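Participant: predicted model and sequence below, questions to follow.
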Protein chains: 2
Amino acid sequence: MFSKTFGYALRAATFVAQHSANDKKLSLLEIAQGLDIPRHFLGKIMQDLVRNGILDSTKGPSGGFFANSRTLDTFLLDILKITDGQLLFDQCALNIKRCDAQHPCPLHDDFAVCRDGMLRVLALKTLGTLANEVSNGTAFLVR
Amino acid sequence: MFSKTFGYALRAATFVAQHSANDKKLSLLEIAQGLDIPRHFLGKIMQDLVRNGILDSTKGPSGGFFANSRTLDTFLLDILKITDGQLLFDQCALNIKRCDAQHPCPLHDDFAVCRDGMLRVLALKTLGTLANEVSNGTAFLVR
DNA sequence: AGAATTAAAGAGTTTAAACTCTTTTATTCG
DNA sequence: CGAATAAAAGAGTTTAAACTCTTTAATTCT
C-alpha cells in the first residue's frame, strides 16, 4: 500500500519533530541509528523532505536536521505525496486500466472504502499528532 | 497492497469460472487476449492455479483451462495466499519490526481497520460471486 | 587559514517482481 | 504413426525500488 520510503520518511520526520522541541538538531547518523534505517538511503529521503520544506537542515559541525515552523502542522498526506506521488490515488486493486464507479472492477467498492479510510487518516493527522503519541508512549517508531 | 500477479490470477480465474459453465475450455491465448494480460506471464500464474487445484487444465488440441467442482466456491483469500503468501498478513504499514496492539506504530490501528476490512471481503467472496457480478454486468474484468 | 564535521549530490549495486523467450511434454486427430 | 496443438517447464531479461559507496559543498572551530 505504501512504499518503504514513506515509512522511513514518516518515522524520521516524526523523530526529528519530537526531538527538536528544544532547538536540538539531529544528525543523519543519530536518526538512522535511532530508528534502524539504512543511513545513506535515509540521507536521500531527508534531502527530499528538506527540499520540500518539511524540515530544515544545516551542514557542518553541530549541523543536522531540525523542525521548522511548518513541521508540526505537516499532514501525513503531504509526506505521502512527496515519497509516493500519485501511487495510492489512481490505483485499482486489480490493476485494470479503467476502474471507476461506472465501470468497477469486482473489488472497486470494497477497496475504495479501505483506501479512502486511510487517506482520511493521513489528511487529518500531522507530524505533531504523531510526535505527541510517541512522547506519550502510545505509539512507537522503532523495533 | 496486492501484487499485480494477484490481480491477474483473480481476473483470469474469474474469467474461466464465468465461461466454463457449459463445459467450455479456454486457452491461455484466449484468456490473455480477452483480459489484456501478458501471455507468458499469465502462463506461469495459471500453472500455479492448476497446481493448487483452483482450476483444471488439459494439454493438446482443444485443451485449455476449465473450472472444476471447487472453482466456484474458491474464496478470493485462497488465491491471495497462492500469489502473495503471507505478504498482507504480517505487514506493518510503516515496516517497523515489531508492530502489534501492545507496541503499535502510529498507524497501526488505522491500518488494521483498512486491512482487516479487505481481508473480510476476501474471506467472504468467492470466484462464483465475482463470476456472477461480471455476468450481471455489475463488475468488469478488463479495460 | 586549515582541519574537522556534516548534509548534499552523484553514481553506482542489489533485489524482487514483472515480463519474455525457448524447449519439453501431453493430447488429439487425420 | 506423425503432425499439430496447447499446457508445463526452464531459463532467461527488464524494471523499479531499495540500498551502498564516494565525492563535493557548506559550516564551525581552533
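Facilitator: Thanks, I have it.
Participant: look up the closest residue to residue A:10, ignoring the ones flanking it.
Facilitator: residue A:79 (5.6 Å; CB to CB, 6 or more residues apart in numbering or on different chains). No exception for glycine: its C-beta is placed from N, CA and C like everyone else's.
Participant: helix or strand for the one you found, which one?
Facilitator: In this structure, residue A:79 sits in helix A:76-84 according to DSSP states H and E.
Participant: before we move on, back to that, I'd say the residue nearest to residue A:10 and residue A:54 touch.
Facilitator: Yes: shown here, residue A:79 and residue A:54 form a contact pair, counting by CB atoms under 8 Å, at 6.7 Å.
Participant: find residues that contact each of these two.
Facilitator: Jointly contacting residue A:79 and residue A:54 under the rule CB atoms under 8 Å, 6 or more residues apart in numbering or on different chains are A:13, A:127.
Participant: okay, now the residue nearest to residue A:10: neighbour count?
Facilitator: By other CB atoms under 10 Å in any protein chain shown, 23 other residues sit near residue A:79.
Participant: could I get the full set of strands for chain A?
Facilitator: A:55-58, A:64-67 (DSSP state E).
Participant: okay, these, which one's buried deepest?
Facilitator: With neighbours taken as mean count of other CB atoms under 10 Å in any protein chain shown, these reach their highest mean count in strand A:64-67, at a mean of 22.
Participant: list the contacts for residue A:29?
Facilitator: residue A:39.
Participant: for the residue nearest to residue A:113 when sequence neighbours are not counted, give its distance to residue A:18.
Facilitator: Spatial nearest neighbour of residue A:113, excluding adjacent residues (CB to CB, 6+ apart): residue B:117 at 6.4 Å. Per CB to CB, to the nearest Å, residue B:117 is found 30 Å from residue A:18.
Participant: those two: which is more packed in?
Facilitator: residue A:18 (20 against 15).
Participant: so what's the more buried one closest to, chain neighbours aside?
Facilitator: Counting by CB to CB, 6+ apart, residue A:131 is the residue found nearest to residue A:18 once chain neighbours are left out, at 4.1 Å.
Participant: hang on, the one you found packs against residue A:73?
Facilitator: No: taking contacts as CB under 8 Å, residue A:131 lies outside contact range of residue A:73: 11.3 Å.
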